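> Whatever this is, show me its structure:
(one chain, ligands or ions: 1)
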Amino acid sequence: MRSRISISGEWLLRDDPLAELAGRARDDLSRIAHPRLPWLEPRIGPDGEPALDVLIVGGGQSGVAIAFGLMRAQVDNILVVDRAARGREGPWLSYARMLTLRSPKDYTGPDLDLPNLGYQAWHEARYGAAAWAALELITREDWAAYLAWVRDTVGVPVRNDTEVVDIGSAGGGLLAVRFADGSVRYARKVVLATGQDGAGMWWMPPFVAALPLRFRAHAADMIDFAALRGRRVAVLGAGASAFDNAAMALEAGAAEVVLFCRRAEVQVVQPYRWLTFAGFLRHVSDLDDVWRWRFMSHVLGMREGFPQATFDRCACHAAFRLCVGAPWTGARVIGEAVEIETPLGPHTADFLICGTGVEMDFSQRPELARIAGNIARWADRYDPPAEERDDRLARYPYLAADFSLVPRYAGVTDWMVDIHMFNIASTMSFGPSGSSINAMTTAVPKLVFGVTRGLFAGDVERHWRSLQAYDVPQAVLR
Ligand SMILES: Cc1cc2nc3c(=O)[nH]c(=O)nc-3n(C[C@H](O)[C@H](O)[C@H](O)COP(=O)(O)OP(=O)(O)OC[C@H]3O[C@@H](n4cnc5c(N)ncnc54)[C@H](O)[C@@H]3O)c2cc1C
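Numbers count the residues shown, from 1 in each chain. Now for the predicted structure:
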């Protein structure tokens with residue numbers, strides 16, 4: 001029988017365990033809300049309306065967790081926008097093609113250390129404690145549903161179907177953020193929680209990009225796998241996403257899938273497992289440039305390994321073949337197929353998929369277009385020893401301690417210091433941070449501290465006046 005219980009004054013049906021859990025999480029939050037005092041006053045924008053204190057671009061797991069962290073610091077004059085439709089933020093229900101998350105089930109993150117907001121609590125409420133105990137890895141669908149539940153439970157204000165196409169200065173310490181529909185919002189600070197390609201683009205060799213669309217795709221594109229039935233597919237790259245796409249083609253009945261690994265050996269070691277300890281996650285960003293570069297160029301130079309299940313999902317098909325030491329050096333259309341050049345000789349395929357990751361190129365992002373040429377990169381700030389050089393990684397932005405962009409040349413577009421970057425591009429400066437589950441517990445609070453530090457410092461004169469005017473007696477002399 002259904003019974004009604006009250007949590008924090010909300011009446012809930014006992015047989016709606018997720019609503020019950022949401023009530024418990026909100027109750028927890030109200031108990032740990034100290035210090036509760038509001039401390040921000042909205043600035044007035046050029047349109048005469050109150051400007052936002054923070055606008056977050058990207059409503060994936062990072063954007064939601066950052067908003068949640070800010071709200072816990074009583075920064076609630078905020079807005080999260082995402083160009084995706086509600087529930088479709090991030091890769092989980094679109095181009096992520098693994099069956100389950102690759103990270104272990106106990107990696108917490110979006111909950112910001114609140115057990116009743118964690119994935120385990122959600123899973124137990126949804127499926128029961130025994131199901132959690134038996135669970136090996138979290139499915140993509142469950143992770144997406146969990147993120148939506150977190151967002152609703154903590155009340156993060158998200159506007160979907162809203163793409164940011166321009167960020168500029170509005171003067172007076174405000175940024176002007178323009179959306180694709182032409183409307184503008186003003187904000188003191190902008191956080192870019194824009195995911196893997198948030199500071200550049202998905203990359204493929206230019207000679208593949210030059211092929212007609214019907215012959216090629218990037219692993220992050222929407223791909224009609226059913227159309228690959230009976231066809232010959234070639235995949236470039238040996239990271240997890242390349243294998244996931246190969247598996248999708250095999251499962252769709254491709255006649256042959258050949259995965260080309262550019263290196264002489266497939267990367268089977270996962271450096272992200274090594275670095276998942278509190279000391280590294282918390283403090284690699286505190287190291288000097290020499291050590292930050294040394295650690296992160298080593299990790300990112302290795303590239304991410306793939307889990308056993310990802311490999312097995314391909315290897316169980318007779319139609320699968322792995323070629324190592326086989327970069328593509330050219331490609332041309334011959335009839336209704338493509339001939340790919342490799343050091344091992346030519347290879348003919350009907351469709352090409354590039355699992356070749358991202359390239360830093362700020363000019364590819366409309367929201368960074370105004371400042372692309374003036375964002376300091378590692379190449380501008382640090383010259384590594386010859387054996388540690390890496391031109392690809394040198395193009396990553398060199399971020400300040402609060403994740404903000406640093407102008408390459410002072411006095412040109414200094415307003416960029418109010419734009420904080422929390423996507424894959426923050427990885428060279430902070431280690432795993434933006435676009436990562438395992439670093440959320442440490443990286444999101446660091447970003448939130450950085451943003452609140454800037455908001456507080458920007459209001460310091462108002463706070464000083466407020467203290468001087470403060471005359472509330474705490475005791476009455478009787
Ligand atoms: C295929 C794939 C699988 C992964 N699997 C795992 C895994 O198993 N375990 C793990 O720990 N990590 C995994 N990751 C890494 C990481 O956890 C994910 O990339 C995760 O989605 C990062 O979250 P995010 O919120 O930082 O970015 P996203 O989830 O990518 O969210 C960014 C959001 O920004 C929005 N956006 C971008 N630009 C704009 C704009 N101009 N205007 C408005 N909105 C914009 C996008 O629509 C998107 O919703 C995976 C990554 C990929 C790509």
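
> what residues are up against residue 63?
Applying C-beta atoms under 8 Å, 6 or more residues apart in numbering to residue 63 gives the contacts 56, 57, 80, 82, 89, 158, 191, 193. No exception for glycine: its C-beta is placed from N, CA and C like everyone else's.

> Nearest to the ligand among those residues?
residue 89 (3.5 Å; C-beta to the nearest ligand atom).

> Please flag which of the contacts of residue 63 sit within strands.
Among the contacts of residue 63, DSSP state E puts 56, 57, 80, 158, 191 in strands.

> tell me the two of the residues you listed that are most distant?
Taking C-beta to C-beta, the two most distant members of these are 158 and 191; they sit 13.4 Å apart.

> Weed out the non-buried ones from the ones in strands among the contacts of residue 63.
By neighbour count, with 16 or more other C-beta atoms under 10 Å, the ones in strands among the contacts of residue 63 hold 56, 57, 80, 158, 191 as buried.

> can you narrow these to ones near the ligand?
Contacts with the ligand are made by residue 57 out of these, judged by C-beta under 6 Å from any ligand atom.

> Next, format the buried ones among the ones in strands among the contacts of residue 63 as CSV and append pLDDT.
Formatted as CSV, those follow (pLDDT from 0 to 100):
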residue, pLDDT
56, 99
57, 98
80, 98
158, 98
191, 98
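
> So which of the buried ones among the ones in strands among the contacts of residue 63 is the closest to residue 438?
Using C-beta to C-beta, residue 191 comes nearest to residue 438 of those, at 19.9 Å.

> what bridges to the closest one?
Taking DSSP bridges as the rule, residue 191 bridges to residue 56, residue 420.

> I figured it was touching residue 426, is that so?
No - look at residue 191 against residue 426 with C-beta atoms under 8 Å: they stay out of range, at 10.7 Å.

> what is in contact with the two at once?
Applying C-beta under 8 Å, 6+ apart, one finds that residue 191 and residue 426 are jointly contacted by residue 403.

> Show me which pair in the contacts of residue 63 is furthest apart.
89 and 191 (14.8 Å).

> and this structure, which of its residues are near the ligand?
57-63, 81-84, 89-91, 96, 101-103, 163-164, 193-196, 198, 241, 367, 423, 434-438.

> So which of the residues you listed are in strands?
57, 81, 164.

> for the stretch 351-478 of the chain, what spans make up the strands?
When assigned using DSSP state E, counting those that start in this stretch, the strands of the stretch 351-478 of the chain occupy the ranges 351-354, 358-360, 419-421.

> Now tabulate those strands in TSV and tack on mean pLDDT and mean neighbour count.
Below are the strands of the stretch 351-478 of the chain laid out as TSV (pLDDT from 0 to 100; neighbours: other C-beta atoms under 10 Å):
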stretch	mean pLDDT	mean neighbour count
strand 351-354	98	25
strand 358-360	97	20
strand 419-421	98	26
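
> Where does the stretch 151-300 of the chain get nearest to the ligand, which residue?
For the stretch 151-300 of the chain, C-beta to the nearest ligand atom, closest residue to the ligand: residue 195, 2.4 Å.

> rewinding a little: what's the ChimeraX line that selects buried ones from the residues of the chain next to the ligand?
Filtering these down to the buried ones (16+ other C-beta under 10 Å) takes a single ChimeraX command:
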select :57,58,59,60,61,62,63,81,82,83,84,89,90,91,96,101,102,103,164,193,194,195,196,198,241,367,423,434,435,436,437,438
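
> Which of the residues of the chain next to the ligand fall in helices?
Here DSSP state H is the test, and those give 61, 62, 63, 241 as lying in helices.

> and of the residues you listed, the nearest to the ligand?
Nearest to the ligand among those is residue 62, at 3.4 Å by C-beta to the nearest ligand atom.

> I figured that closest one hits residue 421, correct?
No - judged on C-beta under 8 Å, residue 62 makes no contact with residue 421 at a distance of 10.9 Å.

> residues contacting the residue of the stretch 151-300 of the chain closest to the ligand?
Residue 195 makes contact with 58, 60, 62, 90, 91, 423, 424, 435, according to C-beta under 8 Å, 6+ apart.

> For those residues, give me CSV that also has pLDDT.
Converted to CSV, the contacts of residue 195 look like this (pLDDT from 0 to 100):
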residue, pLDDT
58, 98
60, 98
62, 98
90, 98
91, 98
423, 97
424, 96
435, 87
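
> now residue 435, which residues is it bridged with?
residue 433.

> State the distance from it to residue 109.
12 Å (C-beta to C-beta, to the nearest Å).

> ok, the residue of the stretch 251-400 of the chain found nearest the ligand - contacts?
Using C-beta to the nearest ligand atom, residue 367 is the residue of the stretch 251-400 of the chain that sits closest to the ligand, at 5.0 Å. The contact partners of residue 367, by C-beta under 8 Å, 6+ apart, come to 57, 164, 165, 166, 167, 177, 192, 194.

> same deal with residue 217?
By C-beta under 8 Å, 6+ apart, the residues touching residue 217 are 223, 351, 352, 353, 354.

> repeat for residue 209
Applying C-beta under 8 Å, 6+ apart to residue 209 gives the contacts residue 216.

> how does it look with 10 Å?
Contact partners of residue 209, counting by C-beta atoms under 10 Å, 6 or more residues apart in numbering, are 203, 216, 218, 331, 354.

> The fourth one contacts residue 210, doesn't it?
What that stands for is residue 331. Yes - counting by C-beta atoms under 10 Å, residue 331 sits close enough to residue 210 to count as a contact (8.3 Å).

> Those two: who's more crowded?
residue 331 (24 against 12; other C-beta atoms under 10 Å).

> Skip ahead from the host helix or strand of that one and say which helix or strand is next.
For residue 331, the element it lies in under DSSP states H and E is strand 330-334. Next in sequence after strand 330-334, counting helices and strands by DSSP H and E, comes strand 337-341.

> In the stretch 351-478 of the chain, what residue comes closest to the ligand?
Closest contact between the stretch 351-478 of the chain and the ligand, by C-beta to the nearest ligand atom, is at residue 437 (3.2 Å).
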